[in-house]
Each structure stands twice: as structure tokens, then as C-alpha cells.
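Asker: Any chance you can model this:
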Amino acid sequence: MSQGEVTSDVPGVVSSSDVKAGQAHVVPEDPDPLADWENLEVIHRNTLPPRAQFFLYDLERDARDRTVAASKSQLLSGDWLFNLSKAPAEGPIDFYERSFQDIVNDPDWTIVVVPGMWQLQGHGKGPQDDNECGRYLTEFQLDAHPDEQIRLRFEGVDAAFKVWVNDTEVGYSQGSRNPSEFDISQFVRHGDSNVLAVEVYQRCNGSYIEDQDQWWLSGIFRDVWLHVFPPTHFEDVHIQTILDDKYEDATLHVDLKLNSVANVKLKLWDINGKLMAEKTKAGEGWIGFDMPVDNPAKWTAEDPLLYQLVLSMPGCHLSERVGFRRVELLDGVFCVNGQPVKLRGVNRHEHHPDSGRAVPYEYMQQDLMLMKQHNINAIRTSHYMNEYRFYELADELGFWILDECDLECHGLFEVGGNGVDFTTNNPRWKQAYLDRARHMVMRDYNRPCIVLWSLGNESGFGSNFAAMYDYIKSVDKSRLIHYEGDYEAESADIESKMYHSVEDMERYAKERSWNKPVVLCEYIHAMGNGPGAIKEYIELFYRYPRLMGGFCLGVGKSCKSFGHISSNGLRTKTKDGREYMGYGGDFADDPNDGNFVLDGLCFSNHTATPGLTEYKKAIEPVQALSLEDGSSVRIINRYDFKTLNHLKCSWYILDGRSSPVASGDAHIRQNLKPHSEALMHSPALARTFEQGSYLNLRFELLQRTSWAQHGHVVATGQFLLDRPPSLQQLHDLNIRANPAPVTARLMKPTVLLVEAASGIKWEFDLSTGDISSFKRPDQPDTNILTQPLSFDIYRAQTDNDRGCDFGRNWDYRRLHQAKHHRETRVDWDEEENSVWVKVLGRIAPPVLNWWLHVLVMYTFAADHVRIKVVAQPKGQLLPRAWGRFGLVTAVAGCDRQFGRWDLSVDDLITDYEFPQENGNRTDVRFVEFKAKPSGEDENRPARRLLRAQFGDFEGASFSALPYSVKDLDKSKHPYELHERRRDDTAVHLDWYHHGLGTGSCGPETLPQYTLDAQRLFNVEIMLD
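Answerer: Numbering: from 1, shown residues only. Have a look, this model is predicted:
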């Protein structure tokens, strides 16, 4: 059998002779014989062998242009007639025998869009007890000669389907994301209308191995095509680029399958469109070309340089793009073109918030452009073959692709018994597994972007995966094979891990004896507010040759539901019309997985989350490592193939008041090799700058690319030039600048009034030990604080908190109920130019016997108050960690936040699809809250309400939201949170904040980012 050829009598694939043309569709009266969709011995009936994805053209110039509209193909997608029944044995089972006009006039039939999912077009439910049956009908006119072969091709149908043309049964197929192609030449009518009838089954036996974490939706969800093949034509084509051991010269090897004797011409154009070679060969069946190419431009994800190949015979032309590259392991290290490569990747689901897995091309293109703009260089097609145009885009834009079989059955491990023995290690399922591998490799063989094949996901390991590995190696030795479920990599070329910790990965990297690299096929689970610990993984990848990198989860929301209408964060509405993204349980579906896994680096509408911005920073291809000698910045080129010649670097300096004081360009060393370091010199930096000044760097594209405009920021850097002043320095400076007297008196037995000659007034509640009022002289009757200034140690739980022990521990230890209480009487006194107030208190929950013993010293000066805090944990059953340690209050009238950034309060909100803690800004030196003037004064500058300064304290943070922590915790959808919106702004000023981690599905917060509840606090802040 020639390379890539598939026999017509593979076991489990019923051939054309096994069903008679025109045989009526008979519903069995008893369980035997089984229907195709429930018969494990039937995977396909009358389908053609899988082949490479290509279009045929009448003219060479059209083939070169690759304009599908000019090809010998006809797109049947569009409006189709549709009827849904609860089961295959119910409803209009003889629909394919009726006239098209009769069904058009039948009120039980409606219109749906193909491609599409029927649940998202108002029909049916997700898979519960029923196996719903969707019946489709369309009419087409044929543009072909009677002696041409007519192929009907379905790019994707979920989950199985049967086809009739003009009342005649054509065949059956399953494998939702695999294409299915039928020869319908004998069934069509030339010069007359043709009727295509399709019966789609919501489930089939193949559904057991299509248990991916996603919404379960049904229908014809990818395009439907008619392909016209002339009497003599190409049936298949396989392309390999074989680089020599110096990675310089290459041999272009092309295998062609012809249906009959033909004289074939091969032409190759270079990356500039210049014809560089041509060759002619005659033959039939499989024939091969070998064409030497001197030092071709190499394809990589960084420089996706593509040649064009056109294969021609009289009246038939085929075009393919060629990328010259070589994938291999060198001393156990993953390499392309002889160079080590690090995968800075993501897992991607096919998803659209309105149409589910029927993803418009423009939306898919937007996904890939967004990834390139965020420095992502690799994609795992989790966990199935993607639509074919995805790979064409990846070839053009440049991505390393791990192409994955449509195979996952981890649900079988949840129902008891040995899940592996159900399918993975069961010989009866061998052909079903092989079929998934065969379709993937045959269709996608020619795509240069694919460097790794993956056998599937989360299905255990057994003999059927070993058979898949052997099959793929028999037809393609040019790529490596991946499968995470094969823990010992018995039938895989690389070791794959999923959600292993930083510590685990370093242990693998340090093993003394190894011959296979390690990849994290899933890590840093991006669910809700997160992920955390990105930097630590990336640093490991760079440090150790064995580590290939990893694929973050991911881009494209994925939320599995076991019932009713469902999708990956689907756009829906409340009864009163408020729009939101629904997840498991929002559609009367029971059981369901709730908001797990409503995850991704993008929201359900595929716009970037803060997590994607964080990931971009962690994987940036240029890193500024250090500031040396005051005027030089050490950088490292993290590209695997490129120099930095395509970038420019600009710098600017902000002083301690966030004002720009200097800017310029820095010279990047030309031809800096990948993985190399260099110093960038800028004499303008060799001067003294004000305390708290920062140097900021921007690395930008010099020229426009296919994925970004000129000036797009690829990487950034920042260095502190001089340590900012301490709070003691700021306090002393303010008192010297404004030595106005400050007095104190009792307004009431429990209220101390502190007044400054400047007109500022504070009220201190002696019963609680908190500042309850702050009034400024420009609005003497307005208390800026709508909530007393007190302590907080809890944050609204994130998905990563709820998913691990920290969140549960906070609930058990009642962290959310802890409050600040005064323990003894409050002491206070007047001094020169200030009033001090000392409070001894505790932060404690109800019922339990733990607390934070807190000593607070307030020093009120003419224009500010300095707050010093010493806190020590006490008691029994302390929490594992605090959510935060800081102050909380609320401010009236605030609509702006100023500092180095100028944002409105609404701009500080991240409106997660499942509400949780958000908007926290870290590494804060100071933050200023202002109110915009209104009425006649609206053109005047914004008025300061409150400023908080942390001095030289490292790691402070703040948030300013129109919601309380309790509001965030109680709300399960954004619309519920919006109902709770406050008129004032809840402000948190935190010295410390617990890290995020990835505990929703992976390691919890790393120790260095855990806010350990055993620690002692000694901190301060200044408010004015």
C-alpha cells in the first residue's frame, strides 16, 4: 500500500458493496439489526477514503490565486429546511421520499442555518434521555458535466448522520469533527433540481469517545460542499520537505494519487512569487516527485515563509502552499530546523457565543490575530481537529500547531469500573480509534504549521492508542506524536504533563537520564480572575533544555452541560431582556458542571481578559533583565530564530509624581542572535533622577505585519531608578510644609473630633476604633467617607480560591465574617502640630477562637493622617491564609482614579462572567481618588477626594469598585451584580494580598505568594 493510502475494506468501515443503492431506510421493529448509529461495527457506510484538503481548478491561474469561488466546488451552506424529533424512530421518518415543495409547505418544518447547531436556533435540548434526531433538506442545481465525479463533502456533523440524494440512500458516517465525503455521481440529476436529505443523530456509539469539556450541541456545524472532479483527476496529495543535516538545502517530496493515467506537471514558486522550478511526470495510482531545492527560505512560526506548489494535468489544477522545515528531537530536545524551540502556547476551543461550534471564519481569524498580538506562538487544537481553514491561517500567520484527534472519553472514568477497559483497551473499539487518527493525518498532512500529532485527550492508555501511534508512524515519520494519557510515553515521542506544579516540572527537568522532552499540554488554568504563577513556569522553560514549554488553558470558553441548550459561555438574556453569558445550569439543564470550566484567557466574546495581558508579558520575546551602570539595560532575545532587527526600543522616565521628565530611543544591537543577551546603552540615562522615578521601555514593530500594525508593542520593561521616599520622610516633609495646629475635642461621648487649622476635619468613633468621617475645607458639610475606615482580611472568592483548599478554608474559618473590634479604651492626646490616637483591637470572626491582635496608631497632622499598624495572629484554628490585609472604606462622588494611570472607576472593573474579586491594582506607591466637577464647574480640573500613599513599601495594592465584597460573593451572574451597584465607591487599600494561583484546576497559590496567616504585620499608610 502506498504512503497514505487507505484500503476500502478496513474493518469497521463498511464499503459501498455492503449497502445497495436506493435501499429504503427501514426502522427496525426490534433491536436487531442495530441501527448504524448504535452499531459499533459501522463507522462509515459508502464514504470515500479520507484525503488531503484541497480544491480543484480548471485554470492554473485560478489555482495560484487560491480563490475558492473560482474552484470546481459548490458551497451548499445556507438556509435549509429542518424538522426535529425526540428520537430517530419518531417524526417524519420517510421525509427523504417526499417532494421538496411538499415539505416547504409543511408547517412542521422550519428554516435553520447550515452550518449551525440546532439547539442555538431554537430547537430541542442537549443530550438527556432522548437521542434527538434532526432532519435537514435542501435543493441544489448541479454545475458539472455528466462524465465528472460529484463528491458530497461534510466538513463536520455532530454526532452521526445518514444521507439521501433524490430519494436514494447514499451512506452513513460518524466522527463529529472529521470530514465525510461521498461519491454521489450516480444519484444526481444534471440539468435539473436535486434534493439533498440528511438525518442527524444527536448521539451515536462514537459519542462515548467525544466527551470533551464543552457544551454538547448537535447539527451540521461546518460547511457542506459539492466537489466536481473531472474524469482524470488528483485523488490525494502528500507533501514532505526533507532538509539536509545542515538545515540548508532541501528535497521537496510530493506523492500524488491519480485515478487514471495522466501526465502531471509540478511547478514551484518561491516566497516572492517567482517561478523557480518545474517538472513533469506521467503515471497512474500513486506517483512521486523529488525536487531538490537549494537553500530554500525556511518556515517557522516566527517567519512563516511559504512557497507555492501547483500540480497540473489537462483541465485539472491543484494548489498547495509549502513550508520548508524539519521537526525532530536532538539529544532529546524538541527542535525545528536544528534549533531548540519553546512552545508559548494555548489550548483553543472552537467557540462562538451565539453559534457555538459553528465559528465564522472572521471570528476564527480574530482569534489567531489576537494570539499573535499577545506573543503566543503555539496552539493545541483541544481536543479535536479544527476546521481546515484554521490551519491555513496558522500557516500564514505562523503558529506551531499540536493537531489533536477528535477523541476523549474521560467521562467513562466517572461511572465506576475500569474506564480504560470500556474503550481504550477494548479490541472492539480499535477501528473507531484508528479512524480518528486516519482522518486527522490524511486531511492535515500537508500543513507546515503542524509539528505535533496528538492522539487525543484524557482517555487513559491502552492497546488502541498504541495502534494509533503505529498507524501514524507508518504514514508520517516527519512529525512527533503526543499523548498525555500515556504517562510513560510508551507510544508517544514526548512526555506530556497536565497541571503539574512548578516544583514537579523542575524535578522532571533535572532528571539525569532522559531521551524525551517534557511538555505541559495544559497548565495555568485560566478560569475567572487568573491565572497566577505564570512567570515561574516560563522561567523554568527557559532554564531547562528538556522543557518544551506548554499550552495554557486557553482561548475559547468551554463549559460542559449535561442537558438543554448549551455552549461555551453562550449569549442569552434574562426574562426582562438583560444580556449575559450563560453557563451550566442557566438553561434548566440538570445535571450540569456549573461554571466549570467557563475558562479561558478570553471572555466568551473572545475579547482579552487581564489574564491574557499577563500571559503576553510573561512570554514576551524580548525581556529587559536589569539596569546596569545607570545607563545600560541588559536584554535577552527570547525568539528561537529571529534577531531583534524588526524592533525598535523607546524609553521614557516618569518622576515620583508620575510626570514625564525624559524620553528617547535606545539602540538595539543589530543581528542579536536568538537566546543571546546584549546591553542597550543610552547616555541620557546617566543622570540623577527624583526619588520614585521609573524607567519604562517599549519594544515596538518597525513595520506592519500580517497580524499587527507598525508600532505594535511586543514587549515592555520597567526599572526603578531611585527608591521612593519613605512614609516617615513624606510625613516630616508635610509637617514642615504645613505646620498648622491640630486640635481634638469630644463632640459626643463616643466621637472625637480632630480639626486642623487648614479646615480638614476628621471624626473618630471611640466605640469602634475607626475613622468615621473625613471632611475637606472645599466641601465642609460633606463626609467623603460613606463607610468608616476599618480593616479587612477577606476578599471575594475567585474561581481559583473556590476550586482549592484556600476557599474552603476561608469558609470554614469564617474569614468573610471577621470584623474589627475595639478591645480597650481608645487613648488620644494633642502634640505640637498633631493629634495622636492609639487603638488596641482585634479582627475576629463570630463563634471561632482565632483573631488578629491589632495595635493602631493614628497621627493626625494639618493635611494628612498617618496610620501605623502592628498585627499579630492569635488563638486556635487560624485560617491557612488571609485573603488580604488592608483598610476598607467607601468614598462618595468618586469617578476617577489618578496616579501613573488615569482611569474612571468603571474602567477599573473587570466584569467576569461569574462575578468574583477583580480590579485589584498591584505594586502601588500612591493612589488618588478624584471627583469630576459638574454643572458650571465641569471644565475645571478634577477635585481630590482622598489620596493614599504607601511610601517605599513594596507590594501594596488597591481596588475601587461600585460593589462590596459581599456583593461579589453573592452574585452568580453579572446582571445580579449590576443590580447591587452602589452609589458610592468601595475602596480597598491593601498592604498585602493573597496570590491567585490556579487552584480551579491545578496547583494552588505558590508559597511565596501565599499570605500566610501565621505572619506578623508591621505596616503604615498616609491618607490626605
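Asker: only C-alpha atoms for contact and neighbour calcs from this point on.
Answerer: Will do.
Asker: So, low pLDDT: which residues of this structure?
Answerer: For the chain, the stretches with pLDDT under 70 are 1-32, 126-129, 554-568, 597, 895-900, 934-938.
Asker: longest single helix anywhere in it?
Answerer: The single longest helix within the chain, with elements called by DSSP state H, is helix 430-444.
Asker: Where do the helices of the stretch 851-1000 of the chain begin and end?
Answerer: Listed in chain order, the helices of the stretch 851-1000 of the chain (DSSP state H, counting those that start in this stretch) span residues 965-970, 974-979.
Asker: Same check on the stretch 401-550 of the chain?
Answerer: Under DSSP H, counting those that start in this stretch, the stretch 401-550 of the chain gives helices at 419-422, 430-444, 463-475, 502-509, 534-543.
Asker: Leaving out the residues flanking it, which one is nearest to residue 288?
Answerer: residue 255 (4.4 Å; CA to CA, 6 or more residues apart in numbering).
Asker: show me the contacts for that neighbour.
Answerer: Shown in contact with residue 255 (CA atoms under 8 Å, 6 or more residues apart in numbering): 3, 237-239, 286-289.
Asker: Now render these as CSV, adding secondary structure.
Answerer: Formatted as CSV, the contacts of residue 255 follow (DSSP: H, G, I helix; E, B strand; the rest coil):
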residue, secondary structure
3, coil
237, strand
238, strand
239, strand
286, strand
287, strand
288, strand
289, strand
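Asker: got the residues you listed as JSON lines, with neighbour count and distance to residue 448 columns?
Answerer: Formatted as JSON lines, these follow (neighbours: other CA atoms under 10 Å; distance: CA to CA, whole Å):
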{"residue": "3", "neighbour count": "14", "distance to residue 448": "18"}
{"residue": "237", "neighbour count": "26", "distance to residue 448": "14"}
{"residue": "238", "neighbour count": "22", "distance to residue 448": "12"}
{"residue": "239", "neighbour count": "22", "distance to residue 448": "9"}
{"residue": "286", "neighbour count": "20", "distance to residue 448": "22"}
{"residue": "287", "neighbour count": "16", "distance to residue 448": "21"}
{"residue": "288", "neighbour count": "16", "distance to residue 448": "19"}
{"residue": "289", "neighbour count": "18", "distance to residue 448": "18"}
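Asker: and the residue nearest to residue 288, what are its bridge partners?
Answerer: residue 238, residue 288 (DSSP bridges).
Asker: again with residue 701
Answerer: Residues in a beta bridge with residue 701, per DSSP bridges, are residue 647.
Asker: Confirm for me that it is in contact with residue 710.
Answerer: Yes: the pair residue 701 and residue 710 passes the contact test of CA atoms under 8 Å, sitting 5.4 Å apart.
Asker: the more surrounded of the two?
Answerer: Higher neighbour count among residue 701 and residue 710: residue 701, with 21 against 12, using other CA atoms under 10 Å.
Asker: Please report the distance of the more buried one from residue 374.
Answerer: Between residue 701 and residue 374 the computed distance is 13 Å (CA to CA, to the nearest Å).
Asker: quick revisit: closest to residue 266 out of the helices of the stretch 851-1000 of the chain?
Answerer: Nearest to residue 266, of all the helices of the stretch 851-1000 of the chain, is helix 974-979, at 58.0 Å by CA to CA.
Asker: Residues contacting that closest one, please?
Answerer: Helix 974-979 has contacts (CA under 8 Å, 6+ apart) with 578-580, 911-915, 963, 967-968, 971.
Asker: got it, and stretch 858-865?
Answerer: Identification of contacts with stretch 858-865 by CA under 8 Å, 6+ apart yields 734-735, 738-742, 754, 756-758, 760, 833-838, 866-868, 1022-1024.
Asker: ok, now with 6 Å
Answerer: Contact with stretch 858-865 is made by 740, 756, 834-837, 866-867, 1022-1024, as judged by CA atoms under 6 Å, 6 or more residues apart in numbering.
Asker: Narrow those residues to those in strands?
Answerer: Using DSSP state E, the members of the contacts of stretch 858-865 that fall within strands are 756, 834-837, 866-867, 1022-1023.
Asker: Serialize those to TSV and add fields for neighbour count and distance to residue 647.
Answerer: TSV is the format used below for the ones in strands among the contacts of stretch 858-865 (neighbours: other CA under 10 Å; distance: CA to CA, whole Å):
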residue	neighbour count	distance to residue 647
756	23	55
834	24	55
835	22	56
836	19	56
837	19	56
866	21	46
867	18	47
1022	22	42
1023	17	43
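Asker: Which pair in these has the greatest spatial separation?
Answerer: 756 and 867 (16.8 Å).
Asker: hang on, the earlier thing: relative orientation of the longest helix of the chain and helix 463-475 in degrees?
Answerer: 30 degrees (axes from the mean of the first three to the mean of the last three CA atoms, to 10 degrees).
Asker: Which parts of the stretch 601-750 of the chain are strands?
Answerer: Secondary structure of the stretch 601-750 of the chain (DSSP state E, counting those that start in this stretch): strands at 622-628, 632-637, 647-654, 660-666, 677-681, 694-701, 713-720, 742-748.
Asker: outside of the fourth one, which residues touch it?
Answerer: Applying CA under 6 Å, 6+ apart, the set of residues contacting strand 660-666 from outside is 649-654, 682.
Asker: Would you mind giving the secondary structure of residue 231?
Answerer: Going by three-state DSSP: residue 231 is coil.
Asker: Excluding chain neighbours, what is closest to it?
Answerer: Nearest one to residue 231, counting by CA to CA, 6+ apart, is residue 148 at 5.2 Å.
Asker: Repeat that for residue 120.
Answerer: In space, and not counting its chain neighbours, residue 120 is closest to residue 355: 6.3 Å by CA to CA, 6+ apart.
Asker: most neighbours, which of the contacts of strand 660-666?
Answerer: residue 653 (23 neighbours).
Asker: correct me, but it touches residue 692?
Answerer: No: here residue 653 does not reach residue 692: they are 10.5 Å apart, not a contact under CA atoms under 6 Å.
Asker: one step back: tell me which of the helices of the stretch 851-1000 of the chain is the most buried.
Answerer: helix 965-970 (a mean of 18; mean count of other CA atoms under 10 Å).
Asker: hmm, who's touching that helix?
Answerer: 796, 915-916.
Asker: got it, and stretch 471-490?
Answerer: Counting by CA under 6 Å, 6+ apart, 3-4, 327, 451-455, 458, 460-461, 492-493, 495-496 sit against stretch 471-490.
Asker: If you count neighbours, what's buried in it?
Answerer: 471-472, 475-476, 478-486, 489 (16 or more other CA atoms under 10 Å).
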